[in-house]
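Colleague: Sequence first, predicted coordinates after that:
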Amino acid sequence: MATPQHVEIDRSLRSSGIALAPDIPICQTDLPLDWYQEQFKPYAEEYMALPDRKPATVLPWMDRYIEPALDHFGDRIMLLAHYYMGGEIVKLVERYGGHVADSYQLALQTQLHPEKKVFVESAVHFMAEAIALLAAPDQEVWITNPKSGCTMEMMAKEFMIAPAFDRLQERYGDDLMVVAYMNTSGRVKALAGRTGGSVCTSSNAAAIMRWAIAQGRRIFFVPDQHLGYNVAAQVGIDPERIALLGAGHAGAEIEDDRWKALDRAQLILWGSFCGVHTIFKPRHVDHWRERGYSVVVHPESPRDVVEIADGSGSTSFLWNHVMDARPGARFAVGTEGHFVRNLREQAGQRGIEVVHLAEVPDEADGGCGCATMSRNDPPHLVAMLDLLRRGTPPDLNRVLPGDVVDEVTGARERLDLAGQRRVAADARRSLERMIAITESAAD
Ligand code: SF4
């Protein structure tokens, strides 16, 4: 078995370098008109009326709205997107001076750029909220589509986690500490902060877990079970001392047998997962390795895949690892489909071949993308920026600490100012702890 290379820490905002090709469509599929908010519909209708989706057609239409907005805000605005966005939005955000990053790098931007006052994010909601949690009072965070949620986070809302946490805390008291993956709401990050725990991302999960183990307390890791199992193996937690508490335990009683496993556990995992990353199978790894490819995967993939891969790590690790390889190298990459497509385009220009790990013959699943993140498209970016310039942005798109979003309608339940401050203060403790541990591990 190959020795996996694991996490590295990268604090930089590195350009994807992806160029818009003149003859490649900006977006392959249009969203249905009724998926847009009322105030966004006029922009979507204009977009849909364009004769095609080629850059020569779409970009002048976008420029007409976005350039006045960028002129209006000048240096005060920052556009952000995540690597998992369809290649088109990644390219467009960079074209308009924005940045593409992973969730850790995104979360740092308000603190790294106090001169920026308006942050517009094209990605999923928890990422925008993490930016908002660390924002100063004079910095605003907006999301281009509030219906863009993370399914892993949607199976670990605070109202699901809190009853299970209460039962665990009744039994274990202050021995219990919550470590929250970045893919959680601000309220769950706040729960981690209240227990003296930390947030982590896939790029720093091992460093955070080592720190948590050193505290000598029982760790309740939420929400991704697969990242939990993978990091546990990396830092040497005995599998016999890991217990799984599924999302089905949100309101249910915990059975006697399960208590026995929980009582032994050093690490308790919440049972959520990412449907995009759990399609990978050991046979995919075998298939590509037999054909001379090096296999690298994201640690949200199942343990039996990560265990036999040549390397695993965060989104930025995967990008940099492949892009830094020698021409002629060949990689099968196990992560989100849009990311792999972008990487394939970009690495191909350097003579590096990239395939999606699940793209094997006779497989129905080959290369699925994060469908919810792709709910951000050109009309969403155009409408958000134009409405901000006009001073009439919908409140639905403003992201504040503690918001609970209904991803079907985009509606949000908002705390009063005191509640927002409480959530932000508690969540910041867990985020700032993560940053401190990560930065010291990188020194
Ligand atoms: S790829 Fe999976 S974990 Fe990442 S945002 Fe999409 S649903 Fe969430």
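Modeller: All right, it came through fine. Numbering: from 1, shown residues only.
Colleague: Next, count neighbours for the residue nearest to residue 294 when sequence neighbours are not counted.
Modeller: Residue nearest to residue 294 in three dimensions, not counting chain neighbours: residue 310, with 4.7 Å by Cβ to Cβ, 6 or more residues apart in numbering. C-beta here means a position set from N, CA and C on the backbone, and glycine is covered the same way. Neighbour count for residue 310, taken as other Cβ atoms under 10 Å: 20.
Colleague: helix or strand right after the least confident helix or strand in the chain by mean pLDDT?
Modeller: In the chain, no helix or strand scores lower on mean pLDDT, DSSP states H and E than helix 87-95, which sits at a mean of 74. Downstream of helix 87-95, the next assigned helix or strand under DSSP states H and E is strand 99-101.
Colleague: Describe which strands that next one pairs with in its sheet and in which direction.
Modeller: Take DSSP bridges as the rule and strand 99-101 pairs in its sheet with strand 77-82 (parallel).
Colleague: and the strand it pairs with, what's its mean pLDDT?
Modeller: Throughout strand 77-82, pLDDT has a mean value of 91.
Colleague: Give me every residue in the chain lying close to the ligand.
Modeller: 84, 124, 150, 151, 152, 183, 274, 276, 336, 370, 372, 373 (Cβ under 6 Å from any ligand atom).
Colleague: ok, now with 8 Å
Modeller: For the chain, the contact set with the ligand under Cβ under 8 Å from any ligand atom comprises 82, 84, 123-124, 126-127, 150-153, 183, 224, 274-277, 300, 335-336, 370-373.
Colleague: Now which of these would you call buried?
Modeller: 82, 84, 123-124, 126-127, 150-153, 183, 224, 274, 276-277, 300, 335-336, 370, 372-373 (16 or more other Cβ atoms under 10 Å).
Colleague: Can you mark which positions in stretch 333-350 are buried?
Modeller: So for stretch 333-350, counting by 16+ other Cβ under 10 Å, buried means 333-347.
Colleague: whoops, I mixed them up, stretch 383-397
Modeller: Across stretch 383-397, burial judged by 16+ other Cβ under 10 Å covers 383, 384, 385, 386, 387, 388, 389, 393, 394, 396, 397.
Colleague: Shouldn't the first one be within a strand?
Modeller: No - for residue 383, which was evaluated using DSSP: H, G, I helix; E, B strand; the rest coil, the result is helix, with no strand membership.
Colleague: distance of it from residue 44?
Modeller: 8 Å (Cβ to Cβ, to the nearest Å).
Colleague: Overlap of the contact sets of those two?
Modeller: Common neighbours of residue 383 and residue 44, using Cβ atoms under 8 Å, 6 or more residues apart in numbering, are residue 36.
Colleague: ok, back up a step: please tabulate the buried residues of stretch 383-397 in JSON lines, including the columns pLDDT and secondary structure.
Modeller: Converted to JSON lines, these look like this (pLDDT from 0 to 100; DSSP: H, G, I helix; E, B strand; the rest coil):
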{"residue": "383", "pLDDT": "97", "secondary structure": "helix"}
{"residue": "384", "pLDDT": "97", "secondary structure": "helix"}
{"residue": "385", "pLDDT": "97", "secondary structure": "helix"}
{"residue": "386", "pLDDT": "98", "secondary structure": "helix"}
{"residue": "387", "pLDDT": "98", "secondary structure": "helix"}
{"residue": "388", "pLDDT": "98", "secondary structure": "helix"}
{"residue": "389", "pLDDT": "98", "secondary structure": "helix"}
{"residue": "393", "pLDDT": "97", "secondary structure": "coil"}
{"residue": "394", "pLDDT": "95", "secondary structure": "coil"}
{"residue": "396", "pLDDT": "93", "secondary structure": "helix"}
{"residue": "397", "pLDDT": "96", "secondary structure": "helix"}
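Colleague: In the stretch 201-350 of the chain, what residue spans correspond to strands?
Modeller: Assigned by DSSP state E, counting those that start in this stretch, the stretch 201-350 of the chain shows strands spanning 218-222, 242-245, 267-270, 294-297, 311-312, 330-334.
Colleague: State the pLDDT value of the residue in the stretch 201-350 of the chain that the ligand sits nearest to.
Modeller: The nearest approach of the stretch 201-350 of the chain to the ligand comes at residue 274, 3.3 Å away (Cβ to the nearest ligand atom). Looking at residue 274, its pLDDT stands at 93.
Colleague: what's the helix ranked longest in the chain packed up against?
Modeller: Using DSSP state H, we find that the single longest helix of the chain is helix 417-442. For helix 417-442, the packing partners by 3 or more Cβ pairs under 8 Å, 6 or more residues apart in numbering; DSSP states H and E come out as helix 125-133, helix 186-194, strand 198-200, helix 205-214.
Colleague: After the first one, which helix or strand is next?
Modeller: Looking back up the chat, that one is helix 125-133. strand 140-143.
Colleague: residues making contact with that next one?
Modeller: Contacts of strand 140-143 (Cβ under 8 Å, 6+ apart): 110, 117-123, 125, 128-129, 131-132, 135, 384, 388, 393, 397-400.
Colleague: let's see it at 7 Å
Modeller: Applying Cβ atoms under 7 Å, 6 or more residues apart in numbering, the contact partners of strand 140-143 are 117-121, 125, 128, 131-132, 135, 384, 388, 393, 397-399.
Colleague: Nearest to the ligand among those?
Modeller: Closest to the ligand out of the contacts of strand 140-143 is residue 125 (9.5 Å), distances taken as Cβ to the nearest ligand atom.
Colleague: For residue 355, grab phi and psi.
Modeller: Residue 355 adopts backbone torsions of phi -130, psi 160, taken as degrees, to the nearest 10.
Colleague: what's the span of stretch 359-379, first residue to last?
Modeller: 31 Å (Cα to Cα, to the nearest Å).
Colleague: again, but for stretch 395-403
Modeller: Stretch 395-403: ends 12 Å apart by Cα to Cα.
Colleague: got the contact list for residue 413?
Modeller: Contacts of residue 413 (Cβ under 7 Å, 6+ apart): residue 404.
Colleague: what does residue 202 give?
Modeller: Applying Cβ under 7 Å, 6+ apart to residue 202 gives the contacts 227, 298, 299, 300, 314.
Colleague: just checking, which of these belong to helices?
Modeller: Per DSSP H, the contacts of residue 202 map to helices at residue 227.
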